[in-house]
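Student: Got a sequence here, can you build the structure:
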Amino acid sequence: MTYSEAADYVITTNPAYEVTTATIRGIEYKAFKNVPDTVHGLTEEGRAAHDGGKAHYLLFEGEGWTFDEFRRDVYRIRPE
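Tutor: The predicted structure follows:
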């Protein structure tokens, strides 16, 4: 199975990955239907899925972030 075939299979058989369209600034994009509308909403859902934020989220060459550390840094770089 190719990557494209695998992606199509997941999108069409698993409601969590259902795709819809979203129009942003007049341009239409494919988007996951069940993803929260905001970064805050997305990280709130992700936090629950990562042991309340305590679980490792990103690891690279011996360094890593827990989900809460990742989330903290995402909010630290957002525009005012």
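
Student: neighbouring contacts of the lowest-mean-pLDDT helix or strand in the chain?
Tutor: Ranked by mean pLDDT, DSSP states H and E, the weakest helix or strand in the chain is helix 39-49, scoring a mean of 88. For helix 39-49, contacts defined as CB atoms under 8 Å, 6 or more residues apart in numbering pick out 35-36, 53, 67-68, 71, 74, 78. C-betas here are computed from N, CA, C, even on glycine.

Student: ok, which pair from these is furthest apart?
Tutor: V35 and D68 (20.2 Å; CB to CB).

Student: Please name the residues that touch E18.
Tutor: E18 makes contact with 11, 32-34 under the criterion CB under 8 Å, 6+ apart.

Student: mind listing the helices in the protein by residue range?
Tutor: Assigned by DSSP state H, the chain shows helices spanning 3-13, 39-49, 67-77.

Student: how about the last one: buried residues?
Tutor: What it means is helix 67-77. 67-68, 70-71 (16 or more other CB atoms under 10 Å).

Student: Check the gap between R76 and E69 for me.
Tutor: 11 Å (CB to CB, to the nearest Å).

Student: Check N14 too.
Tutor: On the measure of CB to CB, N14 and E69 end up 29 Å apart.

Student: right, and the helices of the chain - which one's nearest E28?
Tutor: Taking CB to CB, helix 3-13 is the member of those nearest to E28, at 17.2 Å.
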